[in-house]
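Colleague: Got a predicted model here, sequence first, then my questions.
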Amino acid sequence: QVQLVESGGGLVQAGGSLRLSCAASGRTFSSYAMGWFRVAPGKDREFVAAISGNGRNLYYADSVKGRFAISRDNAKNTVYLQMSSLKPEDTAIYYCAAAFGTTPIYDEYDYWGQGTQVTVSS
């Protein structure tokens with residue numbers, strides 16, 4: 001079992017930055033690939049970024065490439081999402097998730113956090 005708790009969301013102006021964190025329980029954190037997804041009002045869940053267990057493989061949605069950066073600290077059981085050049089369309093609830101393989105497909109993630117709200121004002 002893995003429990004995930006996100007933090008770092010909030011209200012930011014367009015062009016600003018935020019860093020989301022996701023703290024994981026358990027001693028096998030490095031065994032899991034981690035992903036970030038988001039759900040905007042009236043839209044389906046969208047893949048944002050993923051990182052392999054050893055941190056060497058990174059994947060990004062085209063909509064965030066060049067603006068967001070995913071990273072992890074296995075010693076702290078934490079994954080991060082650094083978000084820069086934020087746009088109003090980035091407004092969503094952001095969820096972190098854990099999977100056995102690095103994938104953009106949300107069905108393949110076994111554990112999910114409760115989400116953190118990010119609101120970008122224009």
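Modeller: Perfect, thanks for sending it.
Colleague: any low-confidence regions in this structure?
Modeller: Low-confidence segments of the chain (pLDDT under 70): none present.
Colleague: Of all residues in it, which one is nearest the centre?
Modeller: Nearest to the mean C-alpha position of the chain, by C-alpha atoms, centre = their mean, lies Trp36 at 2.5 Å.
Colleague: State the helix or strand in which it lies.
Modeller: strand 33-39 (DSSP states H and E).
Colleague: For that strand, name the packing helices and strands.
Modeller: strand 18-24, strand 45-51, strand 68-73, strand 78-83, strand 92-99 (3 or more C-beta pairs under 8 Å, 6 or more residues apart in numbering; DSSP states H and E). Glycine gets a C-beta too; all of them are placed from N, C-alpha and C.
Colleague: would TSV of those with mean neighbour count and distance to Trp112 be doable?
Modeller: Shown next, in TSV, are the helices and strands packed on strand 33-39 (neighbours: other C-beta atoms under 10 Å; distance: least, C-beta to C-beta, whole Å):
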stretch	mean neighbour count	distance to Trp112
strand 18-24	20	10
strand 45-51	21	10
strand 68-73	18	16
strand 78-83	23	13
strand 92-99	23	5
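Colleague: In TSV, list the ones you listed along with distance to Tyr60.
Modeller: Listed next are the helices and strands packed on strand 33-39 as TSV, based on distance: least, C-beta to C-beta, whole Å:
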stretch	distance to Tyr60
strand 18-24	14
strand 45-51	5
strand 68-73	7
strand 78-83	10
strand 92-99	14
